[in-house]
Every structure is written in C-alpha cells, then in structure tokens.
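1. fold the stuff below for me.
(chains A and B)
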Amino acid sequence: MTATSFTFHGQHLVALPTGALHWPAQDALLVADLHLGKSERMARRGGALLPPYESQATLARLTTDLRITSTRRLIALGDTFDDDAAQDALGPLARATLDQITARHDCIWITGNHDPQAPGQTALTLNGLTLRHIAGNGPDISGHYHPKITLAGRRLPAFLIGTAHLILPAYGAYTGGLDADHPALATLIPDGCAITTGKRTRMVPLPLGSSLHKYPGGRARQRSGGNAPQ
Amino acid sequence: MLHAPGHALLIAPTGGGKTLAGFLPTLADACTGALGEGMHTLYVSPLKALTHDIARNLSRPVADLGLALRIEDRTGDTSAAKRARQRVDPPHVLLTTPESLALMLSYPEAPRIFAGLKRVVIDEIHALADSKRGDQLALGLSRLMTLAPGLRMAGLSATVENPSALAQFMGEADVVLADPGPPPDIAILPTTATPPWSGAGGAYAARDVLAAIRDARLTLVFINTRAQAELFFQALWAVNDENLPIGLHHGSLSRDARHKVESAMAQGALRAVVATGSLDLGLDWGDVDLVIQIGAPKNIKRLVQRIGRANHRFDTPSRARIVPANRFEVLECTAALQAVQAGELDGDGLPPVGGLDVLCQHILTLACAGPFDAEALFPEIRRAGPYAALTRAQFDDCLDFVATGGYALRAYDRWQRLMQRNGMWQLRDPRAARDIRMNIGTIVAPELLSVRRGPRGGAPLGEIEESFAASLSPGDTFLIGGQTVRYDRLRDMVVEVTPQPTREPKIAVFNGLKMATSTELSARVLALIGDRSAWTNLPDHTAEWLALQAEVATLPTPGTMTCESFLRGGRWYFALYSFAGRNANQTLGLLLTHRMEQSNLAPLGFVATDYALLIWSLDPVRDPAPLLDPHGLRDGIETWLAENAVMKRTFRAVATISGLLQRNLPGQRKSGKQATFSSDILYDTLRKFDPDHLLLRITKQESLRGLADFGRIEEMLRARPHIVHSLPPHVTPFAAPLMLEAGRIPIRGAGTERLLDEEAARMMAEAGLQLDDSRAKTGA
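-> Numbering: from 1, shown residues only, chains lettered A, B, ... in the order given. This is a model prediction of the structure:
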C-alpha cells in the first residue's frame, strides 16, 4: 500500500489509497461520507434495487484500514448514513461489522446533511484544526463534496489540500463526486495540492494542469522552484 | 395474401409497393364501413421518419376515395398534448415505433385503446428482427394479441436469405415472396481526386459527387454518421457554384428541420439530399433516380437495401454509385460489388434467443399498466417468436429480479419493486411508474460529450465518445470534424479544445457506428490483396497504395499471420492482419493483451475490425511468436475477461435495459457533479458479493456472443503457424485506417498505472513542485 504523507498546519498526516486519512499524533483515522444504506434508501423510495452489498463493502474496507494503521480512534466526518432512517435498516452483516468497529475503537461521529439526527456532534477541534462535515472557518478538515480529479483521463476520488481547508474524498462505495475545478470547490481551494486515491496515492498540484489551462500558448507556469504552495 | 386467414410475411424488393399492400385490408374495411370503434390498424416501423412518410402517402388515396379514416403518427417527436389525446381518443390508424408502442402498453388505458384492434403492419421487419428492439417489439405484439385476440399481423421485409426465420420472429406467418425485379446498376464513382489513406468523410470527392447530382434528377447521398453528413454537406456547398438545391437530413436535426427537408423532397424542390440512416430503409419517394453511398457500406445487405431507394419503379434497374472514403475502402467496395454481382447476400443467421434484460423491462412496463398474473403472462411471453424457447425458470428469474432485485442477500423484502397481492403482481409504489416509463427502450448509446472550441461556450465542433475523452490528457491532439485540435480540459461535461491547424494529430478519433463486415466480404478482400493480377481491376492509386504497403511492411496473404510493430506518438502499436472477422479479432485482442500484460509490455488498449487487430502499449512487441503461441493461451483468462472493459460495457447496457440503472437523459449531465456512480462499481460489487446474479449471467452470455470460441482461435493459430513480422519505421498504409476505428477497448492494467505516475510527475514538475520521499509540505 502506498500512502502519501504531508503536513497541514503543523500536523503530520497520511493520505491512504482508500480515501481514509491517518493522523498518527492523534492516534486517529478520519473518514468522510460513508453513505451507509444508500441502496436501501433508493429501494425504499421506489427506485432501482441496487446490489445491497455496498455497506458491507465499505465497512470491510474500513476494518482493514483500522487494522493496518492500528489506530485507537475513528472519526467519521458526517454523512455516515445516507439518511437518518438508514441506520435502523442496515443489514445484519453490515450491522455486525459496524458493532465490531464501535466495540474496538473510540468512535467520534460527526453529523452531516444526510444524517442530521444521528447521534454525534456537529464539530470537534483537535490541535487547532476543526473537524466538521462542510468546510467553514479554516483551518479545518471536512468531507461533503466527494471531490474528484481527472488524471491521465481517469476520474479519481481525491484529497484536496489548500491553505485553510483539507477536504476528504467520499469513502462509501456508491458515491458520485464533484470535480475539483467545480466553482464550489475551486472557491474553497483555489490553490494547493490534491492526492488521488485508487491502487496507490499520487500528489498533483491544484489548480490542475494550471500551465496548460491558464496559458493556452503552452508555456509552463513559472513558480519559485521547489516551494510548495503556501 | 390480403385474405389470408392468419398472419402474413411479405418479402419484396424495395419499391414493390409492399407498404401499400400492407394497408389494403384497412382501406377495404374503411370502404365497406367495417372499421368499427377505436383503433383499427397499428403500423410499426423502425424509424420515425418512415411514419411521417407513410402518413403522407396514405392520406392521398384516402382523400381520393373520400374515406373517413383518421390517420395519425405517434413517435418521440409527437407533442405531449397530442399523445394524451390519442390515449383518450385513438385514431383509426396509428403509425408508431417499437419504443412508442412499449410506452403505450405501459398505460392503464392500454386494454381499452387496443381492444378493437384488427390489423398490425410491421414495416422493415428485417431491420428489427435480429436486435433487442426486435425482442421488445415481439413482446409488445404478443401483448397486443392478448388485448385483441382477433387481430391479424402483416410483416413487410426487404429481400433476406432466410424468410422462415423472420416468420418465426412473428410467431407464425405465411411467407409471400414477390418478384425480385431486375438487378441493380451499381459501380464505384470515378473520382478526379485520389482518396486519402485514411479518413471516413469522403470530402475529397465533393466535386465528382456534385457533377453526378447535376446529371441526375434527384439524388440521395448516404453517409454513415451524422458528423460526416454535416461535413460532407458543407464540402458540397463549398463547390456548389450553380447553387443546386441540396438538403441535409439526419437524426440530430430538429423535427422541424427534418420535416422541412422531407416535404421539400416530396414536392420535387430538391436535387439532392445528404442523409444518414434516418432516411434509410424503404422511403418511397418516387423521383429518386440515383443513390450515392459515401464510405463503405460495411455489409452487402445494407448496400442492396440502400440502392433500393433509387428509382422506385419496380421494373427498371436501380442506379447506385459508391464513393470509397479511403483506399482500404476501395478494396472493400470492389469486393462488395463482386459479391452483389454474384448475387450473394450476407448470411442472416437465425435470430438469437430474446434478451432476458428486455424481458425484465417488459415485465416492469406491464406492471405500470396494472396488476398481472404470472401464470397468464408466461405463455403470452412464449408466444413472442424470440422467446418461444424461454423456460419457466428463466421467466421466474426475471420476475424475481424485477420484483426483489434477485439478490442472494434478500435485502429488499420490505421494499420490493413488485408485490404480489391476491395472486396478482403489481407495483409496490405506483409513483415508480414514471421512472420506469422514462427508461423504456433498448438502445443504449455510448455516452457522448460535446466538443467545443475554447472555454465557455465556444463553437461546437462535434461529439466524441466519453471513453475516448477519458483517454485524453491535456495537450493531446486529435482529429474532429476534419480539423486537428488540442485537448485542453473537460468542464461541465464539455470537452474544450483549441484548434491546431498545423499540427499532425497525435490521436485520431472516428466517431461513428461500428458496423461489422461479413466474413465473406473479409475473405474477398484478402483474396483481392493477395492476387496481384486482380489489381488491374483497382484504381491506380489503390494499386500503388498496396504496393507501398508491400514495400514498407508486408502484404497479408491467406494462411499466414502477418503483423507489424511501429512507434507513433510515444505509443507502440502492434497490428495483426488476420482477416478472421471482427469477433475473432476482438477475442484475439483480449487474449493477446492478457499475454502482453503478463510480459510487462503495458498494453493500454486495442481495437478490432473484420480484417485486423491493433493493440497499443507502452513497450513494443519485438517477437510475436510467443504472443501467438496457441499453447496455454487460456491460462488465467477467466479473471482477465471478467475485469475487461468489454464485459463492463455490456453490463452497462444490460443494467440499463433491465431497469437497474436509470438512463442518462439528454440534458441531465450538464453539471460537473456526477449524480450517479458508474455502472462499473455495481459490476465489481456484484462480482464480489453475488457472482451468480441474473445480470452477470446475461452479461457473460452477451459478451461471449460478440466473441469467437477460444477453441476456434487456438485452432486458427495452430493452422497458421507461419508468422510474418515487420518493424516499419512509422505507421503503415494498412494501419492508418485502423487508428481511426471506433470501438476502442481500454485495458486497465500496469500500463494505466504507469501513465498515471507519469502524468502526476509531469504536472508536479510543471508546477515547480518536487516530492521528497513522497512527502510534500503544505499549509502554514
């Protein structure tokens, strides 16, 4: 497993290929937007009957990440459930896996716009960094947008790292996404880095392919060599 | 035939007046006042343009006879108000398409609308039979038989090799064969300009085509895709010094624009119409005396049906001229003409068994109309020709999938889509009917992205397949609409490009329908190449082009495996000229890329045609012998196949038709927000957790239908151990058209990972950033 470590406001953090964020100093694993119970919610509303395995798949991945990083704490940054009713409707296998996770780890549930009534809190501050669902007054770490980056023609979920905000990709299996250059995201993080997920992590600058897109003549964008965006 | 007690299938060449024959019993009933209440006749055609034309052609005799016969059409173009009125007060004769029929059957009023139906006329039935649209139509017809037990069907078809298969498609029908008429006058149009090595537009021949138009009364110019039709139309006008009235007609034009051209043509105000398939198939516009086909028609059947448009007098030969778009097509057209002269039609084969995904959609459609009894539905389904051999277990599987999702984990007991109440199946939530109706249809087009010049609403240049767009990196150049452009970015589902007139395209794109040539035609083309004495029948430029291929690489000959490797634009290409047919080449592509992945050659994708297979990779094939060794070819292939893009594409279509995925409707994908996840995720999830699920079984079966049997491939490799491999310094005359082929299959392996690494490193370097020990610092 190749991960990418970086420093955000003095905190050493590690982005995992699955989309989870490891924070060694806090002995914590952060994940955003699990959207558990999504297929159940669609079925309840009379829509298509999607393969009902995504909650199981997501939780199995989470169990592996927790084991590999051997963290004590799990912090979920909101939209853990696809809606408030989804919590009670979780299948027995997914329920058992979730119970196992909560029994073995100190879990902190932050509520999101999809699961406002879920037990949990709306925000938490650790070492000067606010953890919340939707980015607000930085510096903060959040989720909500399901950011994606197109690299070599493939659209990949990605961490977005700016001056004030660190935004996590969606961890859930059946989740769409929003391109990093969408105005909603570009306003929050006009300049910085992204770390793509997938088989392994890769870091790329933001805005993406800036030299090509901003200077149609194709001249490379001049930056002071070697410095990361401040 | 008119008074045949049962159903009838009339086979006649185009122009034989068979459409009118199909309506004669209806007109007879109208004359004798025997029409009865409500809808009397339903006419179904594969094309909405045909329904307009028939409406026009019928209204004349009806008016002449002074009959009180109301004739209306109903297609996707029909206004909502008119459709609503037709449901309340149906006309005597309704002209429609298979999709609109399925939609009508989904309404609760369907039993009332069709109760008095006496006649069904199915036009151009040969164009529907062997497809999922045909499956859907057959199911709809069987439903109609239930709603109106006394109805009689008449199928109308152009000449086919196996009429009994078509009759079987209708359930049962008496076959009536008409006189085939005189043989067509068909030849290659001599051109003053030389056709290019590759390309599909035919613009080089604009002047020659215009001259032919000038000499004829009314000409139909057929071209294979909409984009090509636009470009060729422009090319014609650029040389149209005399301002001959020439129109354009294709399915992307607005309904008004299409109707305008259709009526101008009917009134004799036009000298020529440039058209795609939207005008294809049996249009009966008397005065057409010349058909010009731009580009190879790919199969002979299509060619013969297209020439049928010319000179719709049954007793004079049709006149048609072909304009090959590139030199390879000169070979193909020459071979196709030999076949027409020999009286050969492509084999029709037996229609495959009906798609189970289509059956799933049909069950959902019926549930929208009202509660149904499974015991009564099963025999009704089996009455549809393509489903005659359906087993009860297959039927129950489909019903279970539609009702519960059909998962091993019975998760949706509370939220079933269909519930059984008092023995009858019905929608649990009647509001779901709206979504189900929106999803009706069996055509799943590839996702197309529009290409625009510059940022923010620049001029539109055309459309490319999403999968092709996904293979582009910023800075890549490609061909679209006849010009070279540079890919800048993808924004809001629009591909933004900058024209680069002087640069040679790095990647070429050919956006069009993939049409398979028959294996007979492939064999003819190979024989033509191998026989130097036959080259005298070819235009000089094409003979020279063959000689050039022989010089820079090797000409393929029967019995050998001729292949070549060359470097272009940072990618290695391996071209194999097997002439074994598309299915065999597609299968070889899967098998060979698997071997290349194992040998770390980093294959990135492949494309198969009837003649050849082209694979591109990061590292070259230097020795093809181990690659083509039949021994152990299948080792580990199961997983490779299951994870391949061929399978995933098929799954997407199957999942959409069966109602698991909601169809992406035009205009729904404007924002950069991806509201839904890709079907690939569903496919991977199912494979992992529910490998025996119905949709996976359908997907596998259908993918294999497009592939050749592995045993046959091994046999071919054993039979042709002689491998001729050349290493030309650049792309060869034969490989050039391959680089433009549609239907590229991407390979997601080590090569993709390497590309991602390179791209990320390049972007970091351009931004002046450096990673130390995969660590970067950011923030304060």
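2. okay, CA-based contacts and neighbour counts for the rest of this
-> Will do.
3. ignoring the adjacent residues along the chain, who's closest to B:Leu20?
-> Among residues not flanking B:Leu20 along the chain, B:Leu58 sits closest, at 7.9 Å (C-alpha to C-alpha, 6 or more residues apart in numbering or on different chains).
4. residue of chain A closest to chain B, please.
-> A:Gly153 (4.1 Å; C-alpha to the nearest C-alpha).
5. relative to B:Asp488, how far out is that residue?
-> The gap separating A:Gly153 from B:Asp488 is 12 Å, by C-alpha to C-alpha, to the nearest Å.
6. tell me which of the two has more neighbours.
-> Neighbours were tallied for A:Gly153 and for B:Asp488 using other C-alpha atoms under 10 Å in any protein chain shown; the higher tally belongs to B:Asp488 (24 against 20).
7. quick one: is the strand or helix carrying the more buried one near chain A?
-> Per DSSP states H and E: B:Asp488 is located in strand B:483-491. Yes. Strand B:483-491 is in contact with chain A by C-alpha under 8 Å from any C-alpha of the partner chain, via B:Asp488, B:Arg489.
8. and the average pLDDT for that strand is what?
-> The pLDDT scores in strand B:483-491 average 76.
9. which SSE is immediately downstream of it?
-> strand B:494-499.
10. starting at the chain centroid, how far to that following strand?
-> Distance of strand B:494-499 from the chain centroid (C-alpha atoms, centre = their mean, to the nearest Å) equals 26 Å.
11. which strands or helices does it pack on?
-> In terms of contacts (3 or more C-alpha pairs under 8 Å, 6 or more residues apart in numbering or on different chains; DSSP states H and E), strand B:494-499 is packed against strand B:448-453, strand B:483-491.
12. which one of the ones you listed lies closest to A:Leu49?
-> strand B:448-453 (26.5 Å; C-alpha to C-alpha).
13. that closest one pairs with which strands?
-> strand B:460-465 (antiparallel), strand B:494-499 (parallel) (DSSP bridges).
14. check those for me: which has the lowest mean pLDDT.
-> strand B:460-465 (a mean of 68).
15. outside of stretch B:684-696 itself, list whatever touches it.
-> A:51, A:53-54, A:57, B:357, B:397-398, B:401, B:406-408, B:651, B:654-655, B:683 (C-alpha atoms under 8 Å, 6 or more residues apart in numbering or on different chains).
16. out of those residues, which are inside strands?
-> Judged by DSSP state E, strands contain none of these.
17. are any of those buried, and which?
-> With burial judged by 16 or more other C-alpha atoms under 10 Å in any protein chain shown, the buried subset of these is A:51, A:53-54, A:57, B:357, B:397-398, B:401, B:406-407, B:651, B:654-655, B:683.
18. need the residues you listed in a markdown table (columns: pLDDT and distance to B:Asn585).
-> Below are the buried ones among the contacts of stretch B:684-696 laid out as a markdown table (pLDDT from 0 to 100; distance: C-alpha to C-alpha, whole Å):
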| residue | pLDDT | distance to B:Asn585 |
| --- | --- | --- |
| A:Pro51 | 93 | 34 |
| A:Tyr53 | 93 | 36 |
| A:Glu54 | 92 | 36 |
| A:Ala57 | 93 | 37 |
| B:Asp357 | 96 | 27 |
| B:Asp397 | 96 | 34 |
| B:Cys398 | 97 | 33 |
| B:Phe401 | 96 | 34 |
| B:Gly406 | 93 | 35 |
| B:Tyr407 | 93 | 35 |
| B:Phe651 | 92 | 21 |
| B:Val654 | 93 | 23 |
| B:Ala655 | 93 | 26 |
| B:Tyr683 | 93 | 25 |
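19. would you format the residues you listed as CSV with distance to A:Asp83 included?
-> Formatted as CSV, the buried ones among the contacts of stretch B:684-696 follow (distance: C-alpha to C-alpha, whole Å):
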residue, distance to A:Asp83
A:Pro51, 18
A:Tyr53, 17
A:Glu54, 15
A:Ala57, 18
B:Asp357, 31
B:Asp397, 31
B:Cys398, 30
B:Phe401, 25
B:Gly406, 24
B:Tyr407, 23
B:Phe651, 29
B:Val654, 29
B:Ala655, 25
B:Tyr683, 24
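20. if you count neighbours, what's buried in the strand holding B:Asp488?
-> B:Thr484, B:Val485, B:Arg486, B:Tyr487, B:Asp488, B:Arg489, B:Leu490, B:Arg491.
21. also stretch B:164-180?
-> B:Ser164, B:Ala165, B:Leu166, B:Ala167, B:Gln168, B:Phe169, B:Met170, B:Gly171, B:Glu172, B:Ala173, B:Asp174, B:Val175.
22. so what's the fifth one up against?
-> By C-alpha under 8 Å, 6+ apart, B:Gln168 lies in contact with B:Gly385, B:Pro386.
23. list the contacts for the nearest residue to B:Ala750 once chain neighbours are set aside?
-> Residue nearest to B:Ala750 in three dimensions, not counting chain neighbours: B:Ala602, with 5.7 Å by C-alpha to C-alpha, 6+ apart. Applying C-alpha under 8 Å, 6+ apart, we find B:Ala602 in contact with B:Met596, B:Ser617, B:Leu618, B:Asp619, B:Gly749, B:Ala750, B:Gly751, B:Thr752.
24. hmm, try it at 10 Å
-> Remark: with contacts taken as C-alpha atoms under 10 Å, 6 or more residues apart in numbering or on different chains, B:Ala602 is in contact with B:572, B:593-594, B:596, B:616-620, B:747-755.
25. and B:Arg431, by the same measure?
-> By C-alpha under 10 Å, 6+ apart, the neighbours of B:Arg431 are A:Arg45, A:Gly46, A:Gly47, B:Cys368.
26. report the next helix or strand after the helix or strand containing B:Gln420 in sequence order.
-> Using DSSP H and E, B:Gln420 sits within strand B:418-421. As assigned by DSSP H and E, the chain's next helix or strand after strand B:418-421 is strand B:424-427.
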